[in-house]
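Student: Whatever this is, show me its structure:
(one chain, ligands or ions: 1)
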Amino acid sequence: MDPLMPPPPIRKISLDAPPTVVPVAPIPLASANGNGHHTPGPPASSAPVIERMRCEAVTIAYGPKVAVNRVDLPIRQGEVLAMIGPSGCGKTTLLRSLNRLTELTPSAARGGRITLDGEDVDQLEVTRLRTRVSMVFQQPNPFPMSVFDNVAYALREGGRKRPRKAALIEPVERALTRAGLWNEVKDNLDHPALRLSGGQQQRLCIARALAAQPEVLLMDEPCSALDPLSTTIIEELILELREQIAVVIVTHNLQQAQRVADRVAFMYLGELVEYGSGEQVFNAPRAQRTRDYVGGAFG
Ligand SMILES: Nc1ncnc2c1ncn2[C@@H]1O[C@H](COP(=O)(O)OP(=O)(O)OP(=O)(O)O)[C@@H](O)[C@H]1O
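Tutor: Residues are numbered from 1 along each chain as shown. Purely as a prediction, here's the structure:
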């Protein structure tokens with residue numbers, strides 16, 4: 001038995017009856033999302049699809065409360081995976097477990113197995129894991145230091161030797177360029193990061209995450225605090241990034257999921273109810289609960 005698991009049988013705790021999965025006829029997107037507007041899916045990626053991570057029967061509980069219940073899920077490079085579902089269904093908890101951030105919550109216990117390139121993440125050194133599987137949070141969280149040092153921080157911390165500033169200039173520029181921020185900050189690299197706008201701060205946090213060259217980028221509602229223009233810039237960035245790394249995004253915004261996600265995982269009460277291509281989940285959901293959720297029957 002996994003020593004991390006809480007003693008009572010997981011399935012007996014607090015979850016409602018499992019959702020019924022019924023085949024349904026394809027329904028048009030306009031009625032599926034309930035707003036009458038067709039939102040096209042993301043443009044096709046030309047990158048090969050490679051599985052980087054896998055969740056196998058992942059269960060996470062906070063004390064007796066089961067937040068994630070036996071979830072199996074692949075996470076692939078070349079695709080953007082969006083996790084959707086109503087508030088409290090376990091999206092953030094599952095996302096945070098991928099680089100073991102749930103371990104920072106004392107009451108949290110996890111069972112099941114999560115792998116990164118076939119290796120059990122529990123066997124990896126945790127700092128290295130969090131470099132390889134990097135997280136961007138809902139609220140931009142730049143460090144109280146200059147724009148340059150925010151990005152250089154990841155490079156300094158990642159290596160065994162502290163590189164000289166001259167050696168950092170090129171990788172800092174590359175990361176800021178990838179995050180779509182270079183042109184806006186190149187003349188003010190020594191300015192405090194906290195003086196940037198919210199959208200710029202979020203892109204700086206993405207640049208900081210990218211500087212360490214992660215293999216997987218986790219994004220927890222990365223645009224929820226941002227204006228529409230900043231949101232568009234970050235969505236375009238997500239689509240570019242999927243060519244090189246696996247991207248997982250948690251979002252409440254179904255239109256955003258439709259715009260960026262190649263794959264969608266719909267969660268409800270800790271269960272993974274449905275996983276499929278964005279087109280399938282939004283246009284032809286198999287489960288009644290998915291159909292109700294993407295149709296706007298509950299939120
Ligand atoms: N630190 C914690 N301690 C106890 N329970 C928690 C903790 N964090 C989350 N939970 C509970 O776990 C369940 C899943 O929460 P989680 O934040 O993962 O859901 P979510 O789908 O991301 O929700 P939201 O969309 O509102 O962010 C909820 O019932 C929540 O109350």
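
Student: How many neighbouring residues does the residue nearest to L196 when sequence neighbours are not counted have?
Tutor: Distances taken as C-beta to C-beta, 6 or more residues apart in numbering place L204 nearest to L196, at 6.3 Å, with adjacent residues excluded. C-betas here are computed from N, CA, C, even on glycine. Per other C-beta atoms under 10 Å, the neighbour tally for L204 reads 25.

Student: which of the residues in whichever strand or helix holds L204 are buried?
Tutor: According to DSSP states H and E, L204 maps onto helix 198-211. The neighbour-count check on helix 198-211 (16 or more other C-beta atoms under 10 Å) flags 199-211 as buried.

Student: same question, stretch 173-186
Tutor: The neighbour-count check on stretch 173-186 (16+ other C-beta under 10 Å) flags 173, 175-176, 178-182, 184-185 as buried.

Student: Adding secondary structure as columns, could you present those residues in a markdown table?
Tutor: Conversion of the buried residues of stretch 173-186 to a markdown table gives the following (DSSP: H, G, I helix; E, B strand; the rest coil):
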| residue | secondary structure |
| --- | --- |
| E173 | helix |
| A175 | helix |
| L176 | helix |
| R178 | helix |
| A179 | coil |
| G180 | coil |
| L181 | coil |
| W182 | helix |
| E184 | helix |
| V185 | helix |
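
Student: Closest one of those to the ligand?
Tutor: A179 (24.1 Å; C-beta to the nearest ligand atom).

Student: List the contacts of that closest one.
Tutor: Taking C-beta atoms under 8 Å, 6 or more residues apart in numbering, we find A179 in contact with 203-204, 206-207, 210, 237.

Student: Check the gap between it and L196 for me.
Tutor: Separation of A179 from L196 (C-beta to C-beta, to the nearest Å): 12 Å.

Student: Which neighbours do the two have in common?
Tutor: Common neighbours of A179 and L196 (criterion: C-beta under 8 Å, 6+ apart): L204.

Student: Run the chain-centre distance for the helix holding L204.
Tutor: 15 Å (C-alpha atoms, centre = their mean, to the nearest Å).

Student: can you pull out the strands in the stretch 101-250 of the chain?
Tutor: In the stretch 101-250 of the chain, the segments counted as strands under DSSP state E, counting those that start in this stretch are 108-116, 119-120, 133-136, 216-220, 246-250.
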